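S.K.: Sequence plus the predicted model coming up.
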Amino acid sequence: MERGMLWFKCAAVHDPSRPVMKKPAIIGWVAKHRQVDLLIERSLSGEDLLRRMKGWFTADVYQVIDIIKQHGKLKLLDDRDLAVETKGVAEMESLSNKLAEVFGEEVWIEHMPKTRLE
């Protein structure tokens, strides 16, 4: 398994940017006849987080998701960092090449090499 950080060109300031979860989503209820003090706190999935970034990057995030699904999957690491996960190095390189072909310098993957603990 290989992982990489997904980077985008920011539409507002044109700097390299990547989406991260700052806080989990909090879902609650409002009842018509009583107060409901129940809240559910959870992180979004990798795809959900990226979909919510529509318009913030120069690339179409829906098209990015479709390309990633052909080679691997999106995953939130530690409920914070959006990463791309593939089965191996060949798939990661193929995905990286496809993103470069479609988006040029607007989207890229920063490979996260495995390190050994000694």
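M.R.: Cool, got the structure.

S.K.: Could you use CA atoms for every contact and neighbour count after this?
M.R.: Noted.

S.K.: A helix includes K54, no?
M.R.: No: read with DSSP: H, G, I helix; E, B strand; the rest coil, K54 is coil and lies in no helix.

S.K.: What residues does the residue nearest to the spatial centre of the chain make contact with?
M.R.: For the chain, the residue nearest the mean C-alpha position is L82 (3.9 Å; Cα atoms, centre = their mean). By Cα atoms under 8 Å, 6 or more residues apart in numbering, the contact set of L82 is 5-6, 18-20, 46, 74-76.

S.K.: Between those, which sits nearest K98?
M.R.: Within the contacts of L82, the smallest distance to K98 is 13.4 Å, found for L6 (Cα to Cα).

S.K.: List the beta-bridge partners for the residue nearest to the centre of the chain.
M.R.: Per DSSP bridges, the residues bridged to L82 are L76.

S.K.: Would you mind measuring from it to S45?
M.R.: 9 Å (Cα to Cα, to the nearest Å).
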